[in-house]
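In: Here is a sequence with its predicted model. Questions after.
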Amino acid sequence: MSFKDFFDDVYQIPRFSKEELYRTKLFSVYIQGIEATQAIQYYRSDAHLTDPADRQPDNSVRLVAGKPAWVRVYVRGWRGRASLGLPNVTGKLEISCRGFFGNFHPVATMAPQPPGVVTPRLDTVLQAISDLNYAVDRQNIGSTLNFIVPGEVMCGYLRFHVTISNEQSNFIYDDLTVDFDVTLQQTLSVRGIMIGYNGPTSLAPNAPNQTIAAPGIGDLQTTAAWTILVYPVRSEAVFGNAGTITWDLPLTDSPSCSGCCSPNWNHLLAHVLAQMVADGNLPNVLYYGLLATGIPMGPIIGCGAGGVGTGSVGEGVTMAHELGHGCNLPHAPCGLTIFDATYPAYEPYDPAGQPKASIGEYGLNINNGDVMSPSTFKDWMSYCGPRWVSLYNYGRLLNNTELNPTLVCLNNIRIPHKEYKVVKPFDPEPPIRNFRRDVYEEVRQVISVIGLMYDEDKIEITSVMRLETTPVVRRGKETGLTAELVGEEGRVLASGLVYRFPPRALCDCGEAHEEGPPYLLQAFIPDSGRGEALRIRNASKEVWSRPAPKVEPRIAAFEVGLKDTRVSAKWALEVPGEGNEFWIQWSQDGKRWNALATRIRGEKATMDATGLPAGKVQIRLLAGDGFYTVQSNPVLIEVPLRPAIVSILSPFDAERLMAGGSMRLWGIVSDGTGNPVTVKKAVWLLDGKKIADVLDSFVTVPPQGKYELTLIVTTEAGESKRKIRFTTVSAKE
């Protein structure tokens, strides 16, 4: 008897009814496993990762609180000589949460996403053993029964109980229970330094001038959508407006070296660094320089140094890359020769022992169900694409102090409900562990020194200011130089180490530059009196110095006006002083001062007021030369209550979606400073027809066509709206 005939006979003996056959292991419809993911996840890693060191048990990537998760249920079945004619299978997901005494209490029951059924893969024994269909199942979202758990449910010690049944008869085939620890909450906190433009359109002689308004908090929020998507953070990020810079030089000049930023980019980064200092240089906050659309640039489209990156509005991957550096992630190994030496090679997607930035496992876009294969997608910290987040860097972002990790929902008890549609959002209990430092404990009176270092003997200082700020140098490397405040007869009154940051260009312009000049440099010197000079020196000689001025500057007048969305300021100095910088700050309480504008030239400025909160706001001027910083008396202005700013994070404008799939409707509402506002009502309209009434929801993608999506919210300030357009295509297109 042949091997084939042997198994054919086994399939026919004994003879049972279909439902009895389904109950037996050889003939059953059963759950092979489930995969719960928020961006990337392990599932049967031994079936595709050839290096045992890369493998982990199913669902080993930790889920975070406050972010939706997709639950993929892998349904399998067996067949003999003649197919048993297995029908479509449906199911349900029941979610329970552990309470005070270890008991699990029902929270929600989820129905599967469209189409709501799956046909089990009918494999022979040999096919099942060899896992010939593993890649097909993982990268095809339609091969699994899929559930979406909303972010408001994802909090606590959760139990997922999946039951699969016959679509026609409700006959239950199998069930599976998996527990998850979803008590880690992380929050992306970004303060945007808004960069406008008033300068020539190009570097050509006599190029015409152009003026471009600085972006706003809404632009920051939509640009950050991709970062929130791929980072292990809750969906509700914290945004802030760190003031504006008006730039005046095209960012189209040639890089200083292969992979370097150009001189104009370097100078811009130095001013962005100064703006951070003016804003308080807050810890556990990621700063980002957001460039208005239309500023002349290229081939470099983004640069970063000193824990701060810059990029244009809408360039979400650029932002995620630069903020990754802010979270202390080096480059990933693709398109580079200088990269994170500990990044693993995920065989068979990378050559053995030669990492090429494969993401290592299958990724999933929770906004629309798109699956990213490790054979194609590269980590976003590399210079290769297409890009997604890898197992390695996702792991490095978990419990990352820059993302404010907190433990929440440790003992939640929620009222049981039968269907999710009636589950009410819950308020997480207060965190019991918060790694965030108190920013006020970090504030010191210091001398801030910022500049560019071309070599050990050539330094250009772009900013020196005395003020109260947080004297933290972000991810800098010691240079061997010391910045000193010098008194009479050369006596050193105070000193601080000088740190360097190699500016990194994001472009297709050569190898990323990590070691050699030019560098940005930064130092903080304790403010120990006026002194007679400031200097930077190495062990053998002085490389930069500035003598103290003979007179102290004095502000004779400072006036502020508010009209529509613009703040105008003008001032006069009774004693002009030498080498003064002018910074303007704002405050609500007179204690915590935020940056409004730096890099001001002359004795007047016009600034964007949309980043100011409603109500009474104090505005002040700082005039400093490195030895004296004089402050004007604060001027009080009354900022009117303005309509809330509405941003649509998903779908994005002009996105193409697959008809019949799942689509996330994800919006955010804030004031101009980035603070959330109370939403009284939210309505999503698809071509004028209401389809949802919460800010974060999932709906079925409409049939093939072009659509207009509108989000309308009502707040204390009235009604605000945002519109985007998207296109849907059929599976055949």
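Out: Ah, there it is.

In: what does the average pLDDT come to for stretch 523-540?
Out: Average pLDDT, stretch 523-540: 94.

In: Flag every buried residue along it.
Out: Neighbour-count burial for stretch 523-540 flags Ala523, Phe524, Ile525, Asp527, Gly531, Glu532, Ala533, Leu534, Arg535, Ile536, Arg537 (criterion: 16 or more other Cβ atoms under 10 Å). Yep, even glycine has a C-beta here, placed from its N, CA and C like the rest.

In: what does that stretch contact?
Out: 444-449, 456, 459, 464, 466, 471, 473, 480-488, 493-499, 542-548, 626-628 (Cβ atoms under 8 Å, 6 or more residues apart in numbering).

In: Could you list which of those belong to strands?
Out: Cross-referencing the contacts of stretch 523-540 against strands under DSSP state E gives 444-449, 459, 464, 466, 480-486, 493-499, 542-547.

In: before we move on, the earlier item: closest to Gly672 among the buried residues of stretch 523-540?
Out: Nearest to Gly672 out of the buried residues of stretch 523-540 is Phe524 (Cβ to Cβ; 30.4 Å).

In: Backbone dihedrals for that closest one, please?
Out: Here is the backbone geometry of Phe524 (degrees, to the nearest 10): phi -120, psi 130.

In: beta partners for it?
Out: Ser448 (DSSP bridges).

In: related to what we said a few turns ago, just curious, which of the buried residues of stretch 523-540 is nearest to Leu711?
Out: Of all these, Phe524 has the smallest distance to Leu711: 43.6 Å, by Cβ to Cβ.

In: So for the nearest residue in space to Pro114 that is not next to it in sequence, what's the pLDDT?
Out: Nearest non-adjacent residue to Pro114, counting by Cβ to Cβ, 6 or more residues apart in numbering: Thr700, 4.9 Å away. Listed pLDDT for Thr700 reads 96.

In: ok, back up a step: list buried residues within the contacts of stretch 523-540.
Out: Buried by 16+ other Cβ under 10 Å: 446-449, 459, 464, 466, 471, 473, 481-487, 493-499, 543-544, 546, 548, 626-628, out of the contacts of stretch 523-540.

In: and the gap between Ile245 and Glu361?
Out: According to Cβ to Cβ, to the nearest Å, Ile245 stands 40 Å off from Glu361.

In: Tell me which of the two has more neighbours.
Out: Between Ile245 and Glu361, counted using other Cβ atoms under 10 Å, Glu361 has the larger neighbour count: 28 against 24.

In: Hmm, the more buried one is touching Ala39, no?
Out: No - between Glu361 and Ala39 there is no contact under Cβ atoms under 8 Å: 10.1 Å.

In: Now do the helices in the stretch 251-400 of the chain.
Out: Ranges of helices in the stretch 251-400 of the chain, per DSSP state H, counting those that start in this stretch, are 263-278, 316-326, 391-397.

In: Put together a markdown table for these, with mean pLDDT on each row.
Out: Converted to a markdown table, the helices of the stretch 251-400 of the chain look like this (pLDDT from 0 to 100):
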| stretch | mean pLDDT |
| --- | --- |
| helix 263-278 | 94 |
| helix 316-326 | 93 |
| helix 391-397 | 97 |
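
In: In CSV: these, plus mean neighbour count and distance to Arg138.
Out: Shown next, in CSV, are those (neighbours: other Cβ atoms under 10 Å; distance: least, Cβ to Cβ, whole Å):
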stretch, mean neighbour count, distance to Arg138
helix 263-278, 24, 41
helix 316-326, 24, 23
helix 391-397, 22, 14
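
In: Quick one: closest of these to Leu562.
Out: When the helices of the stretch 251-400 of the chain are compared by Cβ to Cβ, helix 263-278 sits nearest Leu562, at 20.4 Å.

In: what about the closest one, distance to the chain center?
Out: Relative to the chain's own centre, helix 263-278 is displaced by 21 Å; criterion: Cα atoms, centre = their mean, to the nearest Å.

In: The chain should start at 4 in everything you say after this.
Out: Yep, numbering from 4; the last one is helix 266-281 now.

In: any weak-confidence spans in the stretch 454-603 of the chain?
Out: Residue ranges of the stretch 454-603 of the chain with pLDDT under 70: 509-519, 579-581.

In: go on, the stretch 604-736 of the chain?
Out: The stretch 604-736 of the chain contains residues with pLDDT under 70 at 735-736.

In: Helices along the protein, start to end?
Out: For the chain, the helices defined by DSSP state H occupy 6-15, 21-26, 128-133, 137-142, 220-226, 228-233, 266-281, 319-329, 394-400, 442-445.

In: Report how many residues lie close to the residue lying closest to Val64 once chain neighbours are set aside.
Out: Nearest residue to Val64 in three dimensions, chain neighbours excluded: Gln44, at 5.0 Å (Cβ to Cβ, 6+ apart). Other residues within reach of Gln44 by the criterion other Cβ under 10 Å amount to 25.

In: Can you tell me how far Gln44 is from Asp382?
Out: 16 Å.

In: Ok, Ile587 next?
Out: 40 Å.

In: More neighbours: which of the two?
Out: A direct count of neighbours by other Cβ under 10 Å for Ile587 and Asp382 places Asp382 higher, at 30 against 24.

In: In contact with the more buried one, which residues are there?
Out: By Cβ under 8 Å, 6+ apart, Asp382 lies in contact with Ala335, Cys337, Tyr346, Ala360, Ser361, Ile362, Arg390, Trp391, Val392, Ser393, Tyr395, Asn396.

In: ok, now Glu97?
Out: Glu97 makes contact with Pro109, Ala111, Thr112, Met113, Phe163, His164, Val165, Thr166, according to Cβ under 8 Å, 6+ apart.

In: what does Met197 give?
Out: Applying Cβ under 8 Å, 6+ apart to Met197 gives the contacts 217-219, 223, 244-248, 293, 295, 611, 614.

In: again, only using 6 Å
Out: Contacts of Met197 were listed using Cβ atoms under 6 Å, 6 or more residues apart in numbering, and they are Ala217, Pro218, Thr247, Leu293.

In: can I get these in a markdown table with neighbour count, distance to Tyr710 and pLDDT?
Out: Formatted as a markdown table, the contacts of Met197 follow (neighbours: other Cβ atoms under 10 Å; distance: Cβ to Cβ, whole Å; pLDDT from 0 to 100):
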| residue | neighbour count | distance to Tyr710 | pLDDT |
| --- | --- | --- | --- |
| Ala217 | 25 | 31 | 95 |
| Pro218 | 24 | 26 | 96 |
| Thr247 | 29 | 35 | 95 |
| Leu293 | 28 | 28 | 97 |
